[in-house]
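Asks: my questions are about this predicted structure, shown below with the sequence.
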Amino acid sequence: MKILLVEDDRLLANEIATSLRDENFAVDIAFDGEDAEHLGNTELYDAAILDLGLPKVPGAVVLRVWRENGRQLPVLILTARDGWSEKVEGFKAGADDYLTKPFRVEELVMRLRALVRRSAGHAVTKIVCGPLSFNVQIGVFELNGLPLKLTALEWRVLECLILTKNTVIDRSVLSEKVYEGDAGTDSNSLEVIVARLRRKIGKDMIATERGRGYKLSAGGT
Amino acid sequence: MFGAGSLSRRLILGAGVFITAALVVAGVVILFALHRFVQGQIDQRLDSQILFLSSTLQMNNDGTIALTGAADGPPFDRMRHGWYWQIIGPKNVLTSRSLREAKLEIPDLSNRPPPPPPPPPPRDSHDDRPPPPGERPRPADGPGPDGDPLHFRIFNVTRGGAEVTIVATAPRDAVLGPLRSAMTTLAISLVALAIALVAAMLLQVRLGLRPLEDLRRAVADVRSGRIRAVPDDQPREIAPLVSELNTLLRQNAANLERARRHVANLAHGLKTPLATLAIALPKDGARAHELRRLVETMEHRIRHHLGRARIAALGEPVNAQTQLAPRVSDLGTVLCKINIERAIAFKGAIPDGLAVACEPQDVDEMLGNLMENAFRWARSKVEVSANSDDSEHVVIFIDDDGPGLQASDLTKALQVGQRLDETTPGFGFGLPIARELAELYGGSLDFARSPYGGLRVAVRLPHSR
């Protein structure tokens, strides 16, 4: 799961990013409105955390530009001014949720997962695919009812696959959502991760569609 | 309109006194002039009679006096009408026929000032000369033969070395009669004039003071938020006042804006590092819990004091008009989106065009906090409705179908920083801030049982039309 974090306070941005990475998120950071606008328009993210008080371009404007460009990613706005007028403005620009500073990371993570799950079209918090189940709210995979131990990258790949279960996810999309912007995207390593996942959950569940990408399904077709 | 210290009263009283005095003076002056004129006419007539008598008067050798011609032309031929003459010689007395047998009593002139100018001494002793020009008969008043008041003209001439007194009289009524009839006409005219003047004055006061009434209405409009400033096109006399008033309004608005920005910056400046701190704190360990509590306390204090500062910055509510329906709808949309998983049915039943005289931000703040609270507790339904209970106020009801609040909880809920439910964050500030804002606008916040079973919060705010 890849998140765009837009926050001008570097200290806070880095703290949030660290905490989110601990929860298996891939995080790109933009420190001002211009960067945020550019990244949101060009990169693929599962969700964005957007501070409204940004230098160069205000957060609400950034959000409006994204929406005008057809970017549908769920957006959680952060505000320091817990005024309702600002929240209303943010939601009118296209926000999906908000948090007032300061907040608990657990709360942020929970909200982000709920946003991503809903935007992937899942109404319930537990996504099941054969023996594999994923509790989106707490971010835990279970295989046959037992917790599944995964590395961060494995977790991200499997999360992308299970959120789009039974449909083919493009390799490039998958790698975009798994690797952070500054990390080198090595398609070989994606192969390696998928291979490791097949060993953990059974090789039939992840199918490779030649020239296209991967698909997670219950049986193996 | 005519209360103590009223401008109208002052103007009307002042003008009334002035008009009355002017009319009384005018009446007296006119009567006096008229009297003099009529008197002059009569005197002239009597004087010419005296002159005529004097010119036809001769002294006989035996010392008696006689007239050489007829002297009873009208009106001296009318019997006992007050028009008489009488010549008193040293030996005999001649009278007009109108006196018949009666004689006139000559009023005593000794205690009267001599008529101006005093008769100059005759240059020679020629007896038959007419009285020198400038020597005039003297006036006097006295009763006639029938006791009726008469006006006398008395003239002394010398004939053949003897003093002869010529008297001519007219009835006093000849003077007073025309005066009386003139006075009636004059009184009617003056009263009519007085009525016209008072009417004109009242009209003038009304017209003159109308800009003040317009100004009052404009200021009321400013207060209720219909207009931003008092219109500048005012009469020259109150234009400076209006200009000062508008400057004051602008200053207030600017101060408010500055204070709000300051509070917002302060909020941002304090909360961002606090947010960093909250995240950077170790999640486990002996002191983690303690440190988290500290961060939470700091957050609460900051929120509390920023809320207070924002309200204090508001000070006196400034002019604003805020339509309720769009704000409730916006807030409802936000809260529905946030609570999308809970499938709460929201209904905003605000009549179109209903507006309150409050700043939009404050309306958002009050309703946002209250509606958020309702969404938090609701099982399936939140409704916001409103009506204007009288022309002065709008009452907004926020209903939910949650568990509601007990009486003891209600008092607690309004105490700043009190959380009724420690596990549901953010409850502690919404209600007190909403109440403080409502009271600042001269409104109130009340709790009741909702028809849907949960809590009903009723916010009363000033109506803006």
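Replies: The structure has been received and is ready for your questions.

Asks: contacts only, for residue A:164.
Replies: Contact analysis of residue A:164 by C-beta atoms under 8 Å, 6 or more residues apart in numbering or on different chains lists A:120, A:216. The way it works is simple: take the backbone N, C-alpha and C, and place the C-beta from them, glycine included.

Asks: spatially nearest residue to residue 169 (excluding sequence neighbours)?
Replies: Looking at chain A here, since you left the chain open. In space, and not counting its chain neighbours, residue A:169 is closest to residue A:213: 5.0 Å by C-beta to C-beta, 6 or more residues apart in numbering or on different chains.

Asks: that was the other one, I meant chain B.
Replies: residue B:150 (4.3 Å).

Asks: which residues does that neighbour bridge with?
Replies: Judged by DSSP bridges, the bridge partners of residue B:150 are residue B:142, residue B:171.

Asks: do I have it right that it meets residue B:170?
Replies: Yes. The criterion here is C-beta atoms under 8 Å, and residue B:150 meets it with residue B:170 at 7.0 Å.

Asks: give the residues shared as contacts by these two.
Replies: Residues touching both residue B:150 and residue B:170 by C-beta under 8 Å, 6+ apart: residue B:82.

Asks: related to what we said a few turns ago, how many neighbours does the residue nearest to residue B:169 have?
Replies: Counted with other C-beta atoms under 10 Å in any protein chain shown, the neighbours of residue B:150 add up to 26.

Asks: pLDDT at it, what is it?
Replies: Per-residue pLDDT puts residue B:150 at 90.

Asks: and the gap between it and residue B:41?
Replies: Note on residue B:150: its distance to residue B:41, by C-beta to C-beta, to the nearest Å, is 16 Å.

Asks: same question, residue A:201
Replies: Residue A:201 is 140 Å from residue B:41, by C-beta to C-beta.

Asks: higher neighbour count, the two?
Replies: Set side by side, residue A:201 and residue B:41 show more neighbours around residue A:201, with 23 against 14, by other C-beta under 10 Å.

Asks: what about the stretch 51-200 of chain B, any weak spots by pLDDT?
Replies: Counting by pLDDT under 70, the ranges of the stretch 51-200 of chain B that qualify are B:110-134.

Asks: pick out the residue of it closest to chain A.
Replies: In the stretch 51-200 of chain B, the residue that lies nearest chain A is residue B:200 (56.2 Å; C-beta to the nearest C-beta).

Asks: on that earlier part again, OK, contacts around the residue nearest to residue B:169?
Replies: Residue B:150 neighbours (C-beta under 8 Å, 6+ apart): B:82, B:84, B:104, B:141, B:142, B:143, B:144, B:169, B:170, B:171, B:172.

Asks: how about residue A:170?
Replies: By C-beta under 8 Å, 6+ apart, the neighbours of residue A:170 are A:212, A:213.

Asks: just the pLDDT for it.
Replies: pLDDT, residue A:170: 88.

Asks: neighbours of the residue of chain A found nearest chain B, how many?
Replies: Residue nearest to chain B within chain A: residue A:84 (3.0 Å; C-beta to the nearest C-beta). Neighbour count of residue A:84, defined by other C-beta under 10 Å: 25.

Asks: roughly how far does it sit from residue B:350?
Replies: Per C-beta to C-beta, residue A:84 is found 16 Å from residue B:350.

Asks: and residue B:254, how many neighbours?
Replies: 10.

Asks: same deal with residue A:178?
Replies: For residue A:178, using other C-beta under 10 Å, the count is 23.

Asks: how about it, nearest residue that isn't a chain neighbour?
Replies: Distances taken as C-beta to C-beta, 6+ apart place residue A:156 nearest to residue A:178, at 4.6 Å, with adjacent residues excluded.

Asks: wait, is that neighbour part of a helix?
Replies: Yes. Residue A:156 sits within a helix when classified using DSSP: H, G, I helix; E, B strand; the rest coil.

Asks: so which strand or helix has residue 87?
Replies: Using chain A. Element membership for residue A:87, per DSSP states H and E: helix A:84-93.

Asks: right idea, wrong chain: chain B
Replies: Using DSSP H and E, residue B:87 falls in strand B:84-88.

Asks: ok, and what's touching stretch A:60-78?
Replies: A:4, A:6-7, A:33, A:36-37, A:40-41, A:45-52, A:54, A:59, A:87, A:89-90, A:93-101, A:103, A:108, A:111-112, A:115-116, A:118-119.

Asks: got the CA positions of it in CSV?
Replies: What follows is stretch A:60-78, C-alpha atoms only, in CSV (Å, rounded to 0.1, in the frame of the first residue of the first chain):
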residue,chain,number,x,y,z
ALA,A,60,-7.2,22.6,-0.7
VAL,A,61,-6.0,23.8,-4.1
VAL,A,62,-3.7,20.8,-4.5
LEU,A,63,-6.6,18.5,-3.8
ARG,A,64,-8.9,20.3,-6.2
VAL,A,65,-6.3,20.0,-9.0
TRP,A,66,-5.9,16.3,-8.4
ARG,A,67,-9.7,15.8,-8.6
GLU,A,68,-9.9,18.0,-11.8
ASN,A,69,-7.2,15.7,-13.3
GLY,A,70,-9.3,12.7,-12.5
ARG,A,71,-7.2,11.4,-9.6
GLN,A,72,-9.6,9.5,-7.5
LEU,A,73,-7.3,8.4,-4.7
PRO,A,74,-8.8,8.7,-1.2
VAL,A,75,-7.4,11.7,0.6
LEU,A,76,-7.2,12.3,4.3
ILE,A,77,-6.6,15.9,5.3
LEU,A,78,-4.6,17.0,8.3
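
Asks: just for chain A, where's the confidence low?
Replies: Scanning chain A for pLDDT under 70 picks out A:81-82, A:182-188, A:219-221.

Asks: how about the residues of it near chain B?
Replies: Proximity of chain A to chain B (C-beta under 8 Å from any C-beta of the partner chain) is limited to residues A:9, A:11-12, A:15-16, A:19, A:53, A:80-85, A:87-88, A:91-92, A:96-98, A:100-105, A:114, A:118.

Asks: 7 Å - rerun?
Replies: A:9, A:11-12, A:15-16, A:19, A:53, A:80-85, A:87-88, A:91-92, A:96-97, A:101-105, A:114 (C-beta under 7 Å from any C-beta of the partner chain).

Asks: in strands only, show me those residues.
Replies: Applying DSSP state E to the residues of chain A next to chain B, the entries found in strands are residue A:97.

Asks: are any of the residues of chain A next to chain B buried, and which?
Replies: For those, a burial check counting by 16 or more other C-beta atoms under 10 Å in any protein chain shown picks out A:9, A:12, A:15-16, A:19, A:53, A:80-85, A:87-88, A:91, A:96-97, A:101-105, A:114.

Asks: tell me how many other residues crowd the residue nearest to residue B:323 when sequence neighbours are not counted.
Replies: Sequence neighbours aside, residue B:355 is the residue nearest to residue B:323 in space, at 5.0 Å (criterion: C-beta to C-beta, 6+ apart). When neighbours are counted by other C-beta under 10 Å, residue B:355 registers 22.

Asks: my read is that residue B:355 contacts residue B:320, right?
Replies: No. Look at residue B:355 against residue B:320 with C-beta atoms under 7 Å: they stay out of range, at 9.4 Å.

Asks: nearest residue to residue B:172 other than its sequence neighbours?
Replies: residue B:149 (4.1 Å).

Asks: quick one, strands of chain B?
Replies: Using DSSP E, the strands of chain B run over residues B:57-59, B:65-67, B:84-88, B:93-95, B:138-143, B:149-159, B:162-171, B:322-323, B:345-349, B:355-356, B:381-387, B:393-400, B:444-449, B:455-464.

Asks: packed most tightly, which of these would that be?
Replies: The highest average neighbour count among the strands of chain B, using mean count of other C-beta atoms under 10 Å in any protein chain shown, belongs to strand B:355-356 at a mean of 26.
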